[in-house]
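give the three-dimensional model of this entry:
(2 chains)
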Amino acid sequence: MSLTGDHNYFEDFHVGQLFRHRRGRTITAHGNTYFTLTTMNTGAAHFNKHMMLTYLGGRFPERRVNGGYTISLVVGLTSQDIAENTVAEIGFSKIRSHRAVHPEDTLYARSEILGLEDSPERPDAGTVHYRFEGYNQNDEQVLEGERIILVKKRAYCGAVEFGTAESSSDPAPKT
Amino acid sequence: MILNTKYFDLEETVGKSISNGYLFEDFEPGRVFRHHWGRTLLASDNMIFCSDTMQYNPLYFNVEYARSLGYRDIPIHPLFVMNVAGGMSVEDMSEGQGKGGIFLGVDNVRIIKTSYPGDTITSSSEILERYLKTDQPGWGVVTWRTRAVNQRGETVIEFDKSNLVACEDASTEVKTGVQS
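Below is the predicted model of the structure:
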């Protein structure tokens, strides 16, 4: 059995392909606080509930989930379907927060493949450009963005054996 | 629920030595902020981040698989690098002297160099543009480019972040930015 799925090599994607990713994720207050503090983020709105209830005259009912955590979770929810065979990360763009997320909200993700290109530097992989969207439990969109990754080609899989690669190089393409 | 807001009277409770951030008027385009602390990125940080945020690719969990792809160790997930670079910027860019700031979006995230466990990053931000929100007096949108640099001085990631930022004075007029 292969370590990664056989459904998500570069050749398996086509432009316009839509995904409703199967998993969802309920965000906990602890998860949000831990993520915020472990990334050195000092924004009290993410970890001080007492302060948040008094902020701007008390218009917020809860701490806000760190936007970077929401991005990471929505991208994570897309990962097994689209990025499981990623060999290098290229970038992200056009990330927009549309709605506040609070602890105990549940996130779901949808994606659309926007572009597919061969890589001039990596014949064994191609770039997959996709758009991701995050929704809450009420089907309200909370986030959108785009991601570009370099994904293995099936035609080349199996060419690399475990433990045989040279360890000094940086396989990520130069930009 | 009635809470004691006096506790958060900044002049009384915030020590002078702790920076509490800046407001819209301070973010002149071109101004550069060098952020505090720096952070060494650990294998444990990365494993917890990738597990917690469900980054399902064995590149981020399985060192033998990572080596088979040509990496010398499990790479640090670029979203973790971005969040640490951004996290260290928050005191300067997003706390707004207690008025807060609201995250709007990120553009042009460029993953320039792979980070590995043991690498240390510092971050800085340069203001790109700003404009006042005509529909929300007292608030404006500021966009800046945050750059993370490792211990060898190599840029590892860059991104442009936009926040809603409070003005010091609700009647502020800014001549230098684009008005909306």
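
quick check: A:Thr33 is in a helix.
Yes - read with DSSP: H, G, I helix; E, B strand; the rest coil, A:Thr33 is one of the residues of a helix.

what's near enough to touch it?
A:46-47, A:63 (Cβ atoms under 8 Å, 6 or more residues apart in numbering or on different chains). C-beta: built from backbone N, CA, C; applies to glycine.

just give me the closest of those residues to chain B.
Using Cβ to the nearest Cβ, A:His46 comes nearest to chain B of these, at 9.3 Å.

need phi/psi at the residue sitting furthest away from the middle of chain A.
No residue in chain A sits farther from the centre than A:Gly57, which is 34.2 Å out by Cα atoms, centre = their mean. The phi and psi values for A:Gly57, taken as degrees, to the nearest 10, are phi 70, psi 20.

now do the contacts for the residue nearest the centre of chain A.
Nearest to the geometric centre of chain A sits A:Val75, at 1.4 Å (Cα atoms, centre = their mean). When contacts are counted by Cβ under 8 Å, 6+ apart, A:Val75 touches A:83, A:92, A:132, A:145, A:147, B:53, B:55, B:79.

so which of those is the closest to B:Ala85?
Nearest to B:Ala85 among the contacts of A:Val75: B:Leu79, at 10.7 Å, using Cβ to Cβ.

remind me which residues of chain B are low pLDDT?
Scanning chain B for pLDDT under 70 picks out the ranges B:1-19, B:174-180.

in it, which spans are strands?
Per DSSP state E, chain B carries strands over the ranges B:32-34, B:39-40, B:101-111, B:120-132, B:139-149, B:155-166.

paired strands for the fifth one, with orientation please.
Strands that pair with strand B:139-149, judged by DSSP bridges, come out as strand B:120-132 (antiparallel), strand B:155-166 (antiparallel).

mean neighbour count and distance to A:Arg22 for these - can I get that in TSV?
Output for those, formatted as TSV (neighbours: other Cβ atoms under 10 Å in any protein chain shown; distance: least, Cβ to Cβ, whole Å):
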stretch	mean neighbour count	distance to A:Arg22
strand B:120-132	19	34
strand B:155-166	22	29
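
of all these, which lies closest to B:Lys99?
Closest of the strands paired with strand B:139-149 to B:Lys99 is strand B:155-166, at 3.6 Å (criterion: Cβ to Cβ).

how much distance is there from the closest one to the middle of the chain?
6 Å (Cα atoms, centre = their mean, to the nearest Å).

repeat that for stretch A:108-116.
Worked out by Cα atoms, centre = their mean, stretch A:108-116 lies 11 Å from the chain centre.

same check, this time on stretch B:111-125
Here the centre of stretch B:111-125 is set off from its chain's centre by 13 Å, with Cα atoms, centre = their mean.

stretch B:160-178 now?
The chain centroid and the centroid of stretch B:160-178 are separated by 18 Å under Cα atoms, centre = their mean.

for it, list the C-alpha coordinates in PDB.
Coordinates of each C-alpha in stretch B:160-178 appear next as PDB, following Å, rounded to 0.1, in the frame of the first residue of the first chain:
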ATOM      1  CA  ASP B 160       0.900  41.300   2.300                       C
ATOM      2  CA  LYS B 161      -1.600  41.600   5.100                       C
ATOM      3  CA  SER B 162      -4.500  44.000   5.400                       C
ATOM      4  CA  ASN B 163      -6.300  44.900   8.600                       C
ATOM      5  CA  LEU B 164      -9.000  47.300   9.700                       C
ATOM      6  CA  VAL B 165      -7.100  49.700  12.000                       C
ATOM      7  CA  ALA B 166      -8.500  52.300  14.400                       C
ATOM      8  CA  CYS B 167      -7.700  56.000  14.000                       C
ATOM      9  CA  GLU B 168      -6.300  58.000  16.900                       C
ATOM     10  CA  ASP B 169      -8.700  60.800  15.800                       C
ATOM     11  CA  ALA B 170     -12.000  59.900  14.100                       C
ATOM     12  CA  SER B 171     -11.800  63.100  12.100                       C
ATOM     13  CA  THR B 172      -8.400  62.100  10.600                       C
ATOM     14  CA  GLU B 173      -7.900  63.000   6.900                       C
ATOM     15  CA  VAL B 174      -5.100  61.200   5.200                       C
ATOM     16  CA  LYS B 175      -3.600  62.800   2.100                       C
ATOM     17  CA  THR B 176      -1.100  60.100   1.200                       C
ATOM     18  CA  GLY B 177      -3.400  57.100   0.800                       C
ATOM     19  CA  VAL B 178      -6.100  56.200  -1.600                       C
END
